[in-house]
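In: The following comprises the amino acid sequence and a computationally predicted model.
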Amino acid sequence: MKLESIGLSLFLGLCAVFDVKTDRIPNKLTLSGLILGLSLSVWLYGFCVLPSRLLWTVLPVLTLIILFKYRVIGAGDIKLLCVCGAFSGKGVVVLAAGMFLLTALYGVVKLVFHALSGIFLSSRVHMSVPALLSQIIICTAHIAGGAF
């Protein structure tokens, strides 16, 4: 497994803990992850990778700003994906797709649970948890020799 995948997994684990406990991902953690992700990429691949990683770091902001405007996702979720872009480059697309798919699946399970039991669960979703689960699935696929 790549060193950057391990670093990203640890970062997402920390974010999930903070997000679930406090409903926030601290900016200091996000900034630290961004610096670590870019530094690790430069250390592993040289400065030639920096423009690409910066592009994949900014791309989540450009693509998800509309969802943020309509309060579908929070700023912390976008910052989380920016850090993922710093660590994994274009791999952030697969991670984001998995994250949104797992979040949608969670929403469907909550709706079915509500329909069957009549108990309403909170509408709050900590996006760092599906991001972590998505990263675990991607890492497992890498270990198993998958296409990711």
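Out: That came in fine, so what should we check first?
In: tell me the centre residue of the chain?
Out: residue 131 (4.0 Å; C-alpha atoms, centre = their mean).
In: what's the pLDDT at residue 1?
Out: Residue 1 is assigned 56 on the pLDDT scale.
In: got it, and residue 123?
Out: Here the pLDDT value assigned to residue 123 is 71.
In: That one - how many residues pack around it?
Out: Using other C-beta atoms under 10 Å, residue 123 is surrounded by 7 other residues. From N, CA and C alone the C-beta is placed, and that goes for glycine too.
In: got the contact list for stretch 88-97?
Out: Applying C-beta atoms under 8 Å, 6 or more residues apart in numbering, the contact partners of stretch 88-97 are 4-5, 8, 41, 49, 52-53, 56, 59-60, 81, 84-85, 131, 134-135, 138, 148.
In: Among the residues you listed, name the ones in helices.
Out: Counting by DSSP state H, the contacts of stretch 88-97 place 4-5, 8, 41, 52-53, 56, 59-60, 81, 84-85, 131, 134-135, 138 in helices.
In: With respect to residue 24, which of these is nearest?
Out: Checking the ones in helices among the contacts of stretch 88-97 against residue 24 with C-beta to C-beta, the nearest one is residue 131 at 15.0 Å.
In: OK, contacts around the closest one?
Out: By C-beta under 8 Å, 6+ apart, the contact list for residue 131 reads 12, 15, 16, 80, 81, 84, 95, 99.
In: if I look at the second one, how far off is residue 132?
Out: Taken as C-beta to C-beta, to the nearest Å, the spacing of residue 15 relative to residue 132 amounts to 8 Å.
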